[in-house]
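Engineer: A structural model of the following input is requested.
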Amino acid sequence: MPYTTEELLDILDRELRAAWRGERVVLSSAERLNNSVVAKALGAEKLSKVFAIQDFRDQIHHYQREHQVSGLVCHTCRFGGRSLQFPELHPQLTAIPTDKIRLIAAKSAVVEFWRNSINGLQFWHVGRPPAPTTPTHRAAVEQWIAEAEWAEIDATRTELYLSLCWGDPKECHYDWGRPASGCERIIAAIAEPSAIKV
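Structural biologist: Numbering: from 1, shown residues only. Presented below is the predicted three-dimensional model:
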């Protein structure tokens with residue numbers, strides 16, 4: 001019987017700890033970096049740790065795809081006395097095809113939670129660097145909602161963060177994934193949002 005998502009995360013966590021304690025060694029790590037100056041600056045020990053973790057994470061991703069083990073975990077968002085549980089991709093795992101289907105299926109619940117929580121708040125669009133966060137209006141947010149494949153939500157005590165995503169769940173949060181994959185980020189806040197990076 002294949003490992004579960006939770007078991008893979010536990011295995012990955014133990015392996016990451018072992019790598020950072022220096023218990024995992026990749027002898028060829030200096031040759032794997034194409035920049036000898038950077039390799040020398042970081043040193044063989046740090047490079048070995050980085051490549052040991054990268055190699056093990058790649059093995060976990062291969063296992064997930066081979067055995068169809070989900071990379072999704074349950075996330076809970078709490079804001080304004082409400083809470084919502086929805087699936088999201090764990091940053092250390094990869095998505096299998098059924099994961100994207102689950103993310104898409106959860107979009108309506110996430111958007112409903114957003115709409116029920118934004119009364120009296122102003123909207124801010126988080127631009128891609130170096131563009132700053134700029135004010136936006138509800139019509140623009142609704143357009144992004146209509147175009148997104150799935151949605152993610154998070155909060156602080158006073159701000160609500162909506163991510164409207166498309167494409168590959170593993171690449172959507174990175175600018176290099178555009179235009180095939182991407183994410184529009186919206187902040188709902190009473191006034192100008194804090195400096196929290198979303």
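Engineer: Wait, residue 103 touches residue 169, no?
Structural biologist: Yes: using Cβ atoms under 8 Å, residue 103 is in contact with residue 169, at 6.2 Å. Every C-beta, even on glycine, is put in place using the N, C-alpha and C of the backbone.
Engineer: Common neighbours of the two, please.
Structural biologist: Among the neighbours of residue 103, those also in contact with residue 169 (Cβ atoms under 8 Å, 6 or more residues apart in numbering) are 89, 95, 150.
Engineer: Using CSV, write out every CA atom in stretch 6-14.
Structural biologist: The C-alpha coordinates for stretch 6-14 follow below in CSV (Å, rounded to 0.1, in the frame of the first residue of the first chain):
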residue,chain,number,x,y,z
GLU,A,6,0.9,12.8,5.6
GLU,A,7,3.4,9.9,5.7
LEU,A,8,5.4,11.5,2.8
LEU,A,9,5.5,14.8,4.6
ASP,A,10,6.8,13.1,7.7
ILE,A,11,9.5,11.2,5.7
LEU,A,12,10.4,14.4,3.9
ASP,A,13,10.6,16.3,7.2
ARG,A,14,12.9,13.7,8.8
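Engineer: which outside residues touch that stretch?
Structural biologist: Residues from elsewhere that reach stretch 6-14 (Cβ under 8 Å, 6+ apart): 3, 56, 57, 60, 63, 64, 69, 73, 90, 92, 93.
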